[in-house]
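Undergrad: Structure here, sequence nowhere to be found:
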């Protein structure tokens with residue numbers, strides 16, 4: 001994983017996401033998920049591009065099932081967009097860099 005991506009666990013979810021002063025994009029993923037692996041380089045690029053304005057993190061649903069269950073994640077990859085601890089947008093499935101960047105820009109402007 002690139003250095004700008006936060007690895008979020010069930011234990012750190014509240015402090016890293018809900019209590020974050022910056023908007024947060026959370027990628028729920030798993031090692032065995034092909035589309036998740038395709039999304040990772042896009043997430044890594046955007047994490048370094050937005051490192052000063054948005055927290056981008058990944059939650060491995062296999063090792064952190066409570067967070068996935070709490071937010072009703074049934075398909076992966078699933079992206080949740082948080083601002084002030086609230087979900088303001090979400091997307092399930094692979095997303096190209098352009099549309100994902102647009103969602104991040106919308107998140108910053110909410």
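TA: Now that the structure is in, tell me what you want to look at. Being a predicted model, the structure only gives us computed values, none of them experimental.
Undergrad: hey, let's count contacts and neighbours off CA atoms from now on
TA: OK.
Undergrad: model confidence over the lengthiest helix in the chain, on average?
TA: When the chain is parsed with DSSP state H, its longest helix is helix 34-49. Averaging pLDDT along helix 34-49 yields 96.
Undergrad: Partner strands of the helix or strand where residue 28 lies, with direction?
TA: In this structure, residue 28 is located in strand 24-29 according to DSSP states H and E. Take DSSP bridges as the rule and strand 24-29 pairs in its sheet with strand 55-60 (parallel), strand 78-83 (antiparallel).
Undergrad: C-terminal to the last one, what's the next element?
TA: The helix or strand immediately downstream of strand 78-83 is strand 86-92, counting by DSSP H and E.
Undergrad: Taking the centroid of the chain, which residue is nearest it?
TA: Centroid check for the chain by C-alpha atoms, centre = their mean gives residue 26 as the closest residue, at 1.7 Å.
Undergrad: Residues in a beta bridge with the nearest residue to residue 92 once chain neighbours are set aside, which ones?
TA: Among residues not flanking residue 92 along the chain, residue 78 sits closest, at 4.3 Å (C-alpha to C-alpha, 6 or more residues apart in numbering). Beta-bridge partners recorded for residue 78 (DSSP bridges): residue 28, residue 92.
Undergrad: Distance of residue 78 relative to residue 52?
TA: Distance of residue 78 to residue 52, given as C-alpha to C-alpha, to the nearest Å: 23 Å.
Undergrad: rewinding a little: now do the longest helix of the chain: distance to the chain's middle.
TA: 10 Å (C-alpha atoms, centre = their mean, to the nearest Å).
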